[in-house]
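In: Sequence and computational prediction follow.
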Amino acid sequence: MTEKRIAEASSLRGYFQEQWDQLMRLLEAQSQKREARLAEEDRLDEAIESIVTRTDSRMRALTRYKTRLREGARGLLLHIDNLVDELPDALLISKDTFLQDPQVSTFFSSIEEVNELCNQFYDMHDYLITPEHRGANEIFFILFLKYQEKTVLGSEIQGDILLREVQQTSVTFFGHQLLAPSVTELEVRHALK
């Protein structure tokens, strides 16, 4: 009889422990959701303040200005998140890829131009001198380019015939700018949001 009670008690303890663990998981999940919601509200408040500061700070005099701007700011943040998510994957820029990848060689006229750009970029220099980033093998950043299209006359081969003075479109990239240097692509994307 006592052995049966010991087995039942052990079984009940196991059952209650499982229930307790399940309750703790639910509470933890609820806590994480609440923290995520609060972080999102903080991000929204920061966006509203940034909008007001950069447009017209007199909006703060309006009653409930934050409430009035909340939905518009939420839509703006969602749009920004979607734009960042649609950015193409990272593109490796190195001497080898400059020689082998037509996309890289299209953006830069020479590998020296890449090195010069990185050396001139103030934020990159500040980033690289910090102890945690010194000697980083890879650096991720957003590259902004301006481009110019113009019509030029060039040569073209059609079959066995070389045609001269054929109208072509030439694209030139210039005004390179680097933004948000980081050691991971994910951090760069997060900085843009």
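Out: Yep, it's here. This is a predicted model, so every value here is computed, not measured. Residues are numbered from 1 along each chain as shown.
In: Every contact and neighbour count from this point should use C-alpha atoms.
Out: Will do.
In: max-length strand in this protein?
Out: As assigned by DSSP state E, the longest strand anywhere in the chain is strand 161-182.
In: for the helix or strand just after that one, the distance to its chain's centre please.
Out: Using DSSP states H and E, the helix or strand that directly follows strand 161-182 along the chain is helix 185-192. Relative to its parent chain, helix 185-192 has a centroid offset of 3 Å by C-alpha atoms, centre = their mean, to the nearest Å.
In: In terms of secondary structure, what does helix 185-192 contact?
Out: Counting by 3 or more C-alpha pairs under 8 Å, 6 or more residues apart in numbering; DSSP states H and E, the packing neighbours recorded for helix 185-192 are helix 65-85, strand 140-158, strand 161-182.
In: Quick check: buried residues in it?
Out: For helix 185-192, burial by neighbour count (16 or more other C-alpha atoms under 10 Å) applies to 185, 188-189.
In: sorry, back to before: for A29, find the nearest of the helices and strands packed on helix 185-192.
Out: helix 65-85 (23.8 Å; C-alpha to C-alpha).
In: picking that back up, could the buried residues of helix 185-192 be laid out in a markdown table, adding distance to R64 and pLDDT?
Out: Shown next, in a markdown table, are the buried residues of helix 185-192 (distance: C-alpha to C-alpha, whole Å; pLDDT from 0 to 100):
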| residue | distance to R64 | pLDDT |
| --- | --- | --- |
| E185 | 38 | 90 |
| V188 | 34 | 88 |
| R189 | 32 | 89 |
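In: Just give me the closest of the residues you listed to G175.
Out: Minimum distance to G175 across these is 20.4 Å, recorded for V188 (C-alpha to C-alpha).
In: A73: how many residues sit nearby?
Out: Counted with other C-alpha atoms under 10 Å, residues neighbouring A73 total 20.
In: could we number from 6 for the rest of this?
Out: Sure, I'll start numbering at 6, so the last one becomes A78.
In: Return the residues in contact with it.
Out: For A78, the contact set (C-alpha atoms under 8 Å, 6 or more residues apart in numbering) comprises 49, 52-53.
In: and which of those residues is nearest to G164?
Out: Ranked by distance to G164 (C-alpha to C-alpha), the contacts of A78 are led by A52 at 58.4 Å.
In: pLDDT of the helix or strand encompassing the closest one, averaged?
Out: Assessed by DSSP H and E, A52 sits inside helix 7-60. On average, the pLDDT along helix 7-60 is 88.
In: Stretch 99-111 too?
Out: 84.
In: okay, now the domains of this protein?
Out: Here the domain parsing of the chain from automatic domain parsing is 7-90, 100-197.
In: Quick check: chain neighbours aside, which residue is closest to R79?
Out: Spatial nearest neighbour of R79, excluding adjacent residues (C-alpha to C-alpha, 6 or more residues apart in numbering): L49 at 6.5 Å.
In: okay, now the residue nearest to Y70 when sequence neighbours are not counted: neighbour count?
Out: Closest residue in space to Y70, ignoring its immediate chain neighbours: M64 at 6.6 Å, by C-alpha to C-alpha, 6+ apart. Counted with other C-alpha under 10 Å, residues neighbouring M64 total 15.
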